[in-house]
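1. Here's a sequence, model it:
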Amino acid sequence: MENAHTKVPAECLTFFGVNEATGLSPDQFKKNLEKFGHNGERVGKSIWDLIVEQFEDLLVRILLLAACISFVLAWFEEGEETVTAFVEPFVILLILIANAIVGVWQERNAEDAIEALKEYEPEMGKVYRSDRKSVQMIKAREIVPGDIVEVSVGDKVPADIRIVSIKSTTLRVDQSILTGESVSVIKHTEAVPDPRAVNQDKKNMLFSGTNIAAGKAIGVVVATGVSTEIGKIRDQMAATEQEKTPLQAKLDEFGEQLSKVISLICVAVWAINIGHFNDPVHGGSWIRGAVYYFKIAVALAVAAIPEGLPAVITTCLALGTRRMAKKNAIVRSLPSVETLGCTSVICSDKTGTLTTNQMCVTKVQFAHKARLLKGVDGDHVELDAFDISGSKYTPEGEVGGKTNCSAYDGLVELATICALCNDSSLDYNESKKIYEKVGEATETALCCLVEKMNVFNSNVRNLSKIDRANACCAVVKQLMKKNFTLEFSRDRKSMSVYCSPTKGEGGAKMFVKGAPEGVIDRCAYVRVGTTRVPLTNAIKDKIMAVIRDWGTGRDTLRCLALATRDTPLRPEEMNLEDSTKFADYETDLTFVGCVGMLDPPRKEVSGSIELCREAGIRVIMITGDNKGTAIAICRRIGIFSEDEDVSSKAYTGREFDDLPSHEQPEAVVRACCFARVEPSHKSKIVEFLQGHDDITAMTGDGVNDAPALKKAEIGIAMGSGTAVAKSASEMVLADDNFSSIVAAVEEGRAIYNNMKQFIRYLISSNVGEVVCIFLTAALGLPEALIPVQLLWVNLVTDGLPATALGFNPPDLDIMGKPPRSPKEPLISGWLFFRYMAIGGYVGAATVGGAAWWFLYDSTGPGVTYHQLSHFMQCHDENEDFTGVDCDIFEASPPMTMALSVLVTIEMCNALNSLSENQSLIRMPPWSNFWLISAMTLSMSLHFMIIYVDPLPMIFKLTHLTVEQWLMVLKLSFPVILIDEVLKFFARNYVESK
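-> So this is what the prediction gives:
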């Protein structure tokens with residue numbers, strides 16, 4: 001049913017053809033069940049769908065194709081090579097399987113956010129059906145639109161319900177999980193005529209998943225399942241596609257370009273050797289020759305793809321998460337670590353994130369003294385006001401500095417009213433080592449005020465924290481006994497308690513607490529000390545002026561008036577069953593005082609927002625609270641300055657919707673505050689920011705934040721937040737501290753800088769491998785490297801130094817720079833040339849190492865270059881190869897030379913990557929101890945596959961002599977000199993432009 005909140009109860013009942021007393025008939029239930037379906041959740045993706053998605057990446061498909069082709073070719077291998085031929089495709093498949101497992105696991109984590117919503121789905125509900133005379137308990141999933149449902153205190157609402165009748169004095173609902181409101185909402189049955197009212201204003205509706213805090217009601221179900229407000233949130237989350245991080249996007253772009261280059265080079269290598277297909281080495285078979293060069297093309301594909309890159313990135317990010325965890329930022333999604341480094345906007349929920357989500361009394365007003373003025377009718381009352389310190393639920397704090405509250409009779413009575421007009425308390429949680437509220441947030445704030453005032457000077461210093469929690473309230477309750485309570489009602493906007501002294505001294509009193517305008521209108525007197533004086537219009541205006549100032553000033557406090565009826569009616573004279581008469585009993589009141597409270601900002605937030613401003617990060621508050629309160633909080637924490645014009649920088653959800661569609665994106669670019677918003681607004685704001693190329697971090701802690709948390713590049717949940725918010729987020733703040741985000745952003749920036757270094761290191765290494773294979777094919781030389789060797793280099797020997805580069809120390813001014821653009825290229829034009837140059841040398845030196853063994857090594861065959869470059873024409877009848885054993889061209893020593901040169905030269909290249917442009921003289925190798933260790937381990941592993949059986953057989957390697965190792969070093973070290981020259985040019989000519 002659309003806009004049920006705008007209809008009167010009778011219209012809603014008529015729409016479903018149902019009677020409030022009897023409920024749906026069995027036939028109506030079946031009909032509605034067929035029409036609307038079960039009151040349940042949608043089905044997520046299957047495991048098979050998730051697995052298939054992992055193979056949609058282009059680089060993965062190239063590797064998969066290479067593995068499949070290698071398997072086919074391995075079947076046709078003969079002799080000793082049969083076993084080793086299967087190693088390459090087997091290793092590639094292992095990589096792909098591991099990648100798929102990680103991908104599916106991450107996807108399932110994303111689905112956890114939707115699964116966590118089940119926490120708010122009640123299992124049972126109480127309904128009226130015409131086949132039963134009384135209310136019956138049924139499974140919540142069997143509830144359908146049109147059902148008449150009964151809810152009472154402690155119940156979880158099973159569907160979206162239009163209230164038909166309230167069976168108690170008042171009905172209060174905790175709907176913080178849906179709207180973020182920190183105070184429970186008082187409901188009524190009257191129609192709300194505004195069809196565009198936000199959920200917070202639909203006071204005649206109960207929403208699925210919320211909790212009944214007080215009272216009892218009957219209503220008609222108007223929406224179930226995905227049609228409920230919480231169901232819409234679930235659908236939004238399910239429909240939100242996970243955006244790729246900037247790094248992932250760049251790597252995908254790199255993969256796409258790489259795949260095209262690989263394809264071209266593979267085709268080129270195969271094509272330029274067509275003339276060699278009939279060479280004698282292939283037995284004169286054109287097909288065998290074509291297959292041989294096809295294997296070389298496959299090897300080239302393996303060489304070009306940096307298989308170790310995903311593992312190295314994952315390891316670096318994982319190490320980053322450990323450092324972040326020490327700063328209370330727990331990362332759930334590894335790629336988000338890097339994304340934090342380019343965050344340009346933080347969209348923060350107010351309640352519980354920028355504020356403590358703990359209501360606190362910050363001001364107290366009361367009448368202190370009165371004096372008679374000549375020419376003025378009545379007494380002139382002077383009002384006193386004290387500030388109250390403290391921003392959390394705690395009994396510690398000061399009143400007006402260090403005021404002795406017991407010296408003020410007005411404060412003693414004010415504390416008495418706060419303690420007795422109260423059903424809540426403070427509790428010390430020993431496991432968490434914090435004080436927590438038990439009951440209503442507003443009433444708990446009054447309990448804390450009583451404890452801070454300590455009007456009876458109780459000795460609380462030596463009490464345990466458990467006993468200290470309610471020590472002063474307990475003293476008040478020992479003096480006065482609560483006989484009964486007149487619950488809050490909307491017509492009088494107040495509640496009261498009837499109390500009598502425990503020791504029989506004095507008469508009974510009625511203590512009243514409520515909205516100032518309602519309570520003060522029923523006051524005839526004002527308390528001054530132990531006496532009372534008439535409440536004249538002048539005094540009343542003065543009191544209301546202070547209250548208006550508190551409510552509209554810098555803090556926009558929520559105000560409560562406190563009053564007493566010194567001589568109330570006797571209980572037997574009151575009709576306690578009729579709430580419409582409660583206002584008559586709360587008359588002839590004496591105004592005692594007024595308190596102002598708010599959900600205070602966290603102390604550390606102002607400093608964090610200033611740090612964000614220095615780092616070029618814009619902070620936007622997005623809240624479900626009213627606009628005045630939101631702007632006031634923004635001014636307090638520094639999002640807005642005290643005198644800043646916010647007319648174009650702060651919007652309510654409705655004001656934002658009323659803007660023309662073309663102005664909404666512009667408003668989001670300007671705005672720093674959005675109030676009275678719904679989940680759909682939050683997602684739309686994030687969407688517009690993303691359209692403006694901003695990298696958005698969204699903080700929040702409630703169910704209502706979950707869709708936007710999932711949509712934003714970085715969703716940041718509070719540690720005390722709901723399971724839904726945590727599951728939808730990429731990061732959780734363990735201490736709920738906004739400033740932890742700043743520390744995480746700094747870590748993210750440092751990680752990205754280091755990642756650039758090892759990514760470029762790996763890419764230049766792969767370029768060298770490609771050049772090596774291309775040169776051997778183009779020059780007609782024997783294979784210098786085979787695929788299994790290339791896999792070993794890419795995954796192991798290159799991977800370790802690359803990972804160690806992630807430990808490079810961050811720049812000192814890293815948070816003084818603006819966020820980097822997500823479109824900033826990973827490799828610029830100059831760097832592309834630089835790494836192509838380095839890669840070219842790596843490839844040429846590797847081929848040179850193998851050729852040196854054939855041509856000049858004392859243990860080699862000593863063939864001529866012509867024989868080497870035409871080795872495929874080698875056979876017994878060819879005079880050019882007289883005295884040459886044709887099997888020598890498949891020997892393992894030249895491959896060992898080539899692999900050793902490649903590994904050693906890449907260790908040298910790792911030293912080059914310590915800094916992008918700084919010389920090794922300024923940034924010596926020992927500046928990163930982990931890199932030295934990784935290089936040592938990599939070389940040790942290389943020695944292992946050369947000298948430890950049976951590894952040499954698997955990798956087709958053999959032992960090297962001292963002479964051969966010296967040649968390896970001669971060919972490797974020049975790469976350092978070449979890069980030093982390139983760095984010199986970069987420092988002096990490229991950077992200076």
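2. The chain - how does it break down into domains?
-> 4-23+122-238, 41-120, 244-318+746-815+826-990, 329-352+602-736, 360-598 (the TED database).
3. Check for me that Trp930 belongs to a helix.
-> Yes. Trp930: assigned to a helix according to DSSP: H, G, I helix; E, B strand; the rest coil.
4. That one touches Ala804, doesn't it?
-> Yes. Assessed by C-beta atoms under 8 Å, Trp930 is found in contact with Ala804 at 4.1 Å. All C-beta atoms are positioned from the backbone trio N, CA, C, and that covers glycine.
5. Mind checking which of the two has more residues around it?
-> Set side by side, Trp930 and Ala804 show more neighbours around Ala804, with 27 against 16, by other C-beta atoms under 10 Å.
6. The more buried one: what secondary structure?
-> Going by three-state DSSP: Ala804 is helix.
7. Leu826 sits in which helix or strand?
-> Counting by DSSP states H and E, Leu826 is held by no secondary-structure element, helix or strand.
8. taking the mean pLDDT, what do you get for stretch 368-384?
-> Taken as a whole, stretch 368-384 has a mean pLDDT of 61.
9. First-to-last residue distance for it?
-> Stretch 368-384 has an end-to-end distance of 6 Å (C-alpha to C-alpha, to the nearest Å).
10. before we move on, what about stretch 197-207?
-> 14 Å.
11. I'd like the average pLDDT over that stretch.
-> The model assigns stretch 197-207 a mean pLDDT of 90.
12. contacting residues around that stretch?
-> For stretch 197-207, the surrounding residues in contact (C-beta atoms under 8 Å, 6 or more residues apart in numbering) are 4-5, 151, 157, 160-163, 173, 175, 178-179, 181, 185-192, 194, 212, 217, 219, 228-230, 624, 653-654, 676-678.
13. Counting by contacts, list what the longest strand along the chain packs against.
-> Looking across the chain with DSSP state E, the single longest strand is strand 360-372. Helices and strands touching strand 360-372, by 3 or more C-beta pairs under 8 Å, 6 or more residues apart in numbering; DSSP states H and E, are strand 379-387, helix 409-420, helix 441-453, strand 523-528, helix 537-552, strand 589-598.
14. Would you single out the least confident of the ones you listed?
-> strand 379-387 (a mean of 82).
15. where does the stretch 401-550 of the chain dip in pLDDT?
-> Scanning the stretch 401-550 of the chain for pLDDT under 70 picks out no residues.
16. doesn't Ser208 make contact with Val157?
-> Yes. Using C-beta under 8 Å, Val157 is in contact with Ser208, at 5.6 Å.
17. Identify the residues contacting the nearest residue to Tyr761 once chain neighbours are set aside.
-> In space, and not counting its chain neighbours, Tyr761 is closest to Ser913: 4.2 Å by C-beta to C-beta, 6 or more residues apart in numbering. Contacts for Ser913 were tallied using C-beta under 8 Å, 6+ apart; they are 757-758, 760-761, 805.
18. Closest to Asp27 out of those?
-> Of all the contacts of Ser913, Asp27 sits closest to Phe758, with 69.2 Å by C-beta to C-beta.
19. Could you check the helix or strand in which that closest one is found and say which residues are buried?
-> Here Phe758, judged by DSSP H and E, is contained in helix 739-778. Residues of helix 739-778 classed as buried by neighbour count (16 or more other C-beta atoms under 10 Å): 739-777.
20. Adding distance to Lys35, write the domains of the chain out as JSON lines.
-> Listed next are the domains of the chain as JSON lines, based on distance: least, C-beta to C-beta, whole Å:
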{"stretch": "domain 4-23+122-238", "distance to Lys35": "8"}
{"stretch": "domain 41-120", "distance to Lys35": "18"}
{"stretch": "domain 244-318+746-815+826-990", "distance to Lys35": "40"}
{"stretch": "domain 329-352+602-736", "distance to Lys35": "25"}
{"stretch": "domain 360-598", "distance to Lys35": "35"}
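21. Among those domains, show me which one is buried the most.
-> Of all these, domain 329-352+602-736 has the most neighbours on average by mean count of other C-beta atoms under 10 Å, namely a mean of 22.
22. now it: how far from the chain's centre is it?
-> 11 Å (C-alpha atoms, centre = their mean, to the nearest Å).
23. just stretch 951-968 next, same as before
-> On C-alpha atoms, centre = their mean, the centre of stretch 951-968 falls 51 Å from that of its chain.
24. Please work out the average pLDDT along it.
-> Stretch 951-968 comes out at a mean pLDDT of 89.
25. who touches that stretch?
-> By C-beta under 8 Å, 6+ apart, stretch 951-968 touches 84, 87, 786, 788-789, 792, 849, 852-853, 857-859, 892-893, 895-897, 899-901, 904, 944-947.
26. How far does stretch 328-335 stretch from one end to the other?
-> With C-alpha to C-alpha, one end of stretch 328-335 sits 18 Å from the other.
27. Ok, stretch 775-795 next?
-> For stretch 775-795, the end-to-end distance is 23 Å (C-alpha to C-alpha).
28. Do a quick rundown of the helices in the stretch 151-300 of the chain.
-> Ranges of helices in the stretch 151-300 of the chain, per DSSP state H, counting those that start in this stretch, are 176-179, 229-239, 246-272, 286-304.
29. mean confidence score for the second one?
-> If I follow you right, that is helix 229-239. 78.
30. ditto for stretch 662-669
-> 93.
31. Just the C-alpha atoms of it, please, in PDB.
-> C-alpha atoms of stretch 662-669 as PDB (Å, rounded to 0.1, in the frame of the first residue of the first chain):
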ATOM      1  CA  HIS A 662      20.900  19.400 -13.200                       C
ATOM      2  CA  GLU A 663      21.600  21.400 -10.000                       C
ATOM      3  CA  GLN A 664      21.800  18.400  -7.700                       C
ATOM      4  CA  PRO A 665      25.300  17.300  -8.700                       C
ATOM      5  CA  GLU A 666      26.500  20.900  -8.400                       C
ATOM      6  CA  ALA A 667      24.900  21.100  -4.900                       C
ATOM      7  CA  VAL A 668      26.800  18.000  -3.800                       C
ATOM      8  CA  VAL A 669      30.100  19.500  -4.900                       C
END
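32. So what touches it?
-> So stretch 662-669 is in contact with 648, 651, 656, 659, 684-685, 688-689, 691-692, going by C-beta under 8 Å, 6+ apart.
33. Let me see the contact set for Asp194.
-> Here Asp194 is in contact with 6, 201 (C-beta under 8 Å, 6+ apart).
34. quick one, phi/psi of it?
-> Backbone torsions of Asp194, given as degrees, to the nearest 10, read phi -80, psi 110.
35. I'd like to know how far it sits from Glu253.
-> Relative to Glu253, Asp194 is positioned 48 Å away (C-beta to C-beta, to the nearest Å).
36. still on that earlier bit, of the contacts of stretch 197-207, which belong to strands?
-> 151, 160-163, 173, 185-186, 212, 217, 219.
37. Of those residues, which pair is most distant in space?
-> Farthest apart among the ones in strands among the contacts of stretch 197-207 - using C-beta to C-beta - are Asp160 and Ile186, which lie 18.4 Å from each other.
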